[in-house]
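Visitor: With the sequence up front, the predicted model follows.
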Protein chains: 2
Amino acid sequence: MAFLGIDLGGTKLAFALFSTEGFILHKEVHELNGRTGKQVGGLIADQISTFLHSDQFKNDKITSVGISVPGISHKKNNTVWAPNIPGWEAYPLYDEIKAITNALPLMIESDRTCYILGEMWKGAAQGCKNAVFLAIGTGIGAGIVVDGHVLNGANGIAGSAGWMVMEGDFKEAYKSCGCLECHASGNGIARMAQNIIQERKRYNGVFKNKPVEKITSQDVFTAYEVGDWIAKKVVNAAIVYWGRAIANMVSLLNPEKIILGGGVFGPAQRFIPVIREEAFKWAQPISMKNVSIDVSALGSDAGIYGAGFLALEATKLDHQ
Amino acid sequence: MAFLGIDLGGTKLAFALFSTEGFILHKEVHELNGRTGKQVGGLIADQISTFLHSDQFKNDKITSVGISVPGISHKKNNTVWAPNIPGWEAYPLYDEIKAITNALPLMIESDRTCYILGEMWKGAAQGCKNAVFLAIGTGIGAGIVVDGHVLNGANGIAGSAGWMVMEGDFKEAYKSCGCLECHASGNGIARMAQNIIQERKRYNGVFKNKPVEKITSQDVFTAYEVGDWIAKKVVNAAIVYWGRAIANMVSLLNPEKIILGGGVFGPAQRFIPVIREEAFKWAQPISMKNVSIDVSALGSDAGIYGAGFLALEATKLDHQ
């Protein structure tokens, strides 16, 4: 018996076959290669069929499927909204997969929910009943579990942490991405550095050999290491904002753990002591004293482990 | 058959006898009159005994008890922390009440939790599965229900909304009460006005006939009505902060409803359109479009209705 966990990203699609004990028996990654709409659904369906029917996996009886999607899984109408996949405004993934799997138990959740479920199952939040995964990549979102329950919210979009208020001056840019995300996501960090360079008529600093619009957050972190003043300004602001974001979630949610993950953690891991210091300034002091702030233990595998956990849960639900 | 709901406040103790349909059959309020520690526990116990044994209520067979406390109900060790009642740092209320009621089903929750439960049962949040009661009185706290579950957090202190970050400049005062609470609670509003007056060597405005330290938030709201500039400055800042606090909770929790209650709502009800406008600037736009912001329907009875609901739930738990 085995479970199939699937992690759909904006550019990649990962599959992992899990044993009943939660070990990965087999893993493979496919590039989306510019696929859109139904082509992405088709790729997922084809690969699931391969797992179900090929000789290679004939001894692993797959009993359920879990899928992590880069967006929102709407349970009310069984559709997925995934902003980075064209044609996935309301994609009927659940029904498509149910149809080709002979109605195997299936659960689909947002990537941020899967990250925290993965960490609770096999990562840094094992044993926790109240935990948050703050995913800081191109954007910012939080997967939240409270008292053992995933926090979905009324429209399935709880955890939109990138929209939190971090400072008093409202800027027009916040309308499209939220205050925290504008300053402290991967895209936000890159754009803040780009803005500073563009505002200067003559610029001769560390970024001078790269077209301004091509500067990434990774470039900014590299420039920080060599003491570039623009990188320091942008990264130091992000550190402060991450600390405040953690403070807000600690005060409101009183979690045992906040796990920092996503592409930015990564390079920003070394700042955790300073981030914690900023959080301590603002947060409810008892909650803050009791929370532990850790980096993701599963890294880029958090989503696939979360999907594996969904598959396990799907089996249980089906037996209720 | 009837349920007993008890709402303990910092100065008062209210009892209500509920019918099985949730109607109040009888209500009475006792002043604490400066009682502390065990005297408060004794008053609660004596009154419960009266309800259980007096001739007046002999036809209402009381089958369970729910209690709202002005602080935190710690389930792990069955104690109550109530900062405004001296001697209630870790008061064994649960065991005391169990002992005198012949072990009737009993539930004890924090007041902010009871407020939202009361509103969901009989008030402005009926039919909601995701709702927040933002209680703005002397302090600020939030009772939060997500996907039908009360959000307690790891140490029972989730909903400490008064500690949310609302602006970039950290001030020492935030260390003792939190950024939002310092500016926008009843005490915060009073103190902000007091501070402005004290900073001025000569003051001849609307508050001139009152000792500065006696100015209350109610005074500030009254002064706002006659156009006093200090009151306008303080109240307008509070409006902005309430809007931002709502925005954060909408983005993180995606609730169907946010209910504004506590002593300040009250006089601040008329500002809800402006508060909503501020929230719209910052919050995740889809969540914001889908949330309704209302004033408490139960007012000062929210706690006692919540306690009644606890009593009803306690009966169910006991039959599991």
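Guide: That came through, no problem. All figures in this text were calculated on a predicted structure; none of them were measured in a lab. Numbers count the residues shown, from 1 in each chain, chains lettered A, B, ... in the order given.
Visitor: Which of the three states applies to the closest residue to chain B within the stretch 51-200 of chain A?
Guide: Across the stretch 51-200 of chain A, no residue is closer to chain B than residue A:153, which sits at 2.6 Å (Cβ to the nearest Cβ). Just so you know, the C-beta spots here come from the backbone N, C-alpha and C atoms, and that holds for glycine as well. Going by DSSP: H, G, I helix; E, B strand; the rest coil, the secondary structure assigned to residue A:153 is coil.
Visitor: Can you give me the distance of it to residue A:110?
Guide: For residue A:153, the distance to residue A:110 under the criterion Cβ to Cβ, to the nearest Å works out to 11 Å.
Visitor: what touches both of these two?
Guide: residue A:159 (Cβ atoms under 8 Å, 6 or more residues apart in numbering or on different chains).
Visitor: Point out the residues in the stretch 201-320 of chain A that sit beside chain B.
Guide: Within the stretch 201-320 of chain A, the residues that sit near chain B (Cβ under 8 Å from any Cβ of the partner chain) are A:244, A:247-249, A:251-256, A:281-284, A:286-287, A:290-291.
Visitor: What about those residues, which are in helices?
Guide: When these are checked against helices (DSSP state H), the matches are A:244, A:247, A:248, A:249, A:251, A:252, A:253, A:281, A:282, A:286, A:287, A:290.
Visitor: Now render those residues as CSV, adding pLDDT and neighbour count.
Guide: CSV is the format used below for those (pLDDT from 0 to 100; neighbours: other Cβ atoms under 10 Å in any protein chain shown):
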residue, pLDDT, neighbour count
A:244, 98, 29
A:247, 98, 28
A:248, 98, 30
A:249, 98, 26
A:251, 98, 30
A:252, 98, 29
A:253, 98, 29
A:281, 96, 16
A:282, 97, 26
A:286, 95, 16
A:287, 97, 23
A:290, 97, 16
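Visitor: Pick the one among these closest to residue B:272.
Guide: Proximity of these to residue B:272 (Cβ to Cβ) peaks at residue A:252, which lies at 21.5 Å.
Visitor: Who are the contact partners of that closest one?
Guide: Taking Cβ under 8 Å, 6+ apart, one finds B:142, B:144, B:158, B:159, B:160, B:161, B:164, B:248, B:249, B:252, B:253 in contact with residue A:252.
Visitor: ok, now with 7 Å
Guide: By Cβ atoms under 7 Å, 6 or more residues apart in numbering or on different chains, the contact set of residue A:252 is B:158, B:159, B:160, B:161, B:252.
Visitor: Likewise for residue A:271?
Guide: With contacts defined as Cβ under 7 Å, 6+ apart, the neighbours of residue A:271 are residue A:239.
Visitor: and the gap between it and residue A:238?
Guide: Distance check for residue A:271 against residue A:238: by Cβ to Cβ, it reads 8 Å.
Visitor: Kindly report the same for residue A:189.
Guide: From residue A:189 over to residue A:238 the distance is 6 Å, taken as Cβ to Cβ.
Visitor: now do residue A:92
Guide: In terms of Cβ to Cβ, residue A:92 sits 38 Å off from residue A:238.
Visitor: which SS state does residue A:17 fall under?
Guide: Taking three-state DSSP as the rule, one finds residue A:17 in the strand state.
Visitor: Check the contact between residue A:1 and residue A:59; I expect there is one.
Guide: No - between residue A:1 and residue A:59 no contact is recorded; they are 10.2 Å apart, counting by Cβ atoms under 7 Å.
Visitor: These two: which has the busier surroundings?
Guide: When residue A:1 is set against residue A:59 and neighbours are counted by other Cβ atoms under 10 Å in any protein chain shown, the residue ahead is residue A:1, at 11 against 7.
Visitor: Contact partners for that one?
Guide: With Cβ under 7 Å, 6+ apart, residue A:1 has these contacts: A:20, A:61, A:63.
Visitor: Of those residues, which belong to strands?
Guide: Judged by DSSP state E, the subset of the contacts of residue A:1 located in strands is residue A:63.
Visitor: Considering the contacts of residue A:1, which possesses the most neighbours?
Guide: residue A:63 (17 neighbours).
Visitor: Excluding residues flanking it in the chain, which one is nearest that one?
Guide: The shortest distance from residue A:63 to any residue that is not its chain neighbour, by Cβ to Cβ, 6 or more residues apart in numbering or on different chains, is 5.4 Å, and that residue is residue A:1.
Visitor: ok, now residue A:171?
Guide: Spatial nearest neighbour of residue A:171, chain neighbours left out: residue A:182 (7.3 Å); criterion: Cβ to Cβ, 6+ apart.
Visitor: contacting residues around the one you found?
Guide: Counting by Cβ under 7 Å, 6+ apart, residue A:182 touches A:173, A:174, A:188.
Visitor: Kindly report the same for residue A:279.
Guide: With contacts defined as Cβ under 7 Å, 6+ apart, the neighbours of residue A:279 are A:243, A:246, A:247, A:250, A:288.
Visitor: JSON lines for those residues, including distance to residue A:224?
Guide: Putting those into JSON lines (distance: Cβ to Cβ, whole Å) gives the following:
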{"residue": "A:243", "distance to residue A:224": "17"}
{"residue": "A:246", "distance to residue A:224": "20"}
{"residue": "A:247", "distance to residue A:224": "23"}
{"residue": "A:250", "distance to residue A:224": "26"}
{"residue": "A:288", "distance to residue A:224": "27"}
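Visitor: okay, and for chain A, where does confidence drop off?
Guide: Within chain A, the stretches falling below the threshold (pLDDT under 70) are A:318-320.
Visitor: can you pull out the strands in it?
Guide: Under the criterion DSSP E, strands of chain A are mapped to A:2-8, A:12-19, A:24-31, A:62-69, A:72-74, A:79-81, A:106-110, A:131-136, A:140-146, A:149-150, A:257-261, A:292-295.
Visitor: Report the strands that pair with the fifth one, each with its relative direction.
Guide: Here the strand partners of strand A:72-74, with direction, are listed using DSSP bridges: strand A:79-81 (antiparallel).
Visitor: The residue nearest to residue A:156 when sequence neighbours are not counted - how many residues pack around it?
Guide: Of all residues not flanking residue A:156 in the chain, residue A:72 sits nearest, at 5.1 Å (Cβ to Cβ, 6+ apart). Applying other Cβ under 10 Å, we find 26 other residues in the vicinity of residue A:72.
Visitor: circling back to that earlier point, settle it for me: which of residue A:92 and residue A:238 has more neighbours?
Guide: Just comparing residue A:92 and residue A:238: by other Cβ under 10 Å the higher neighbour count belongs to residue A:238, 26 against 15.
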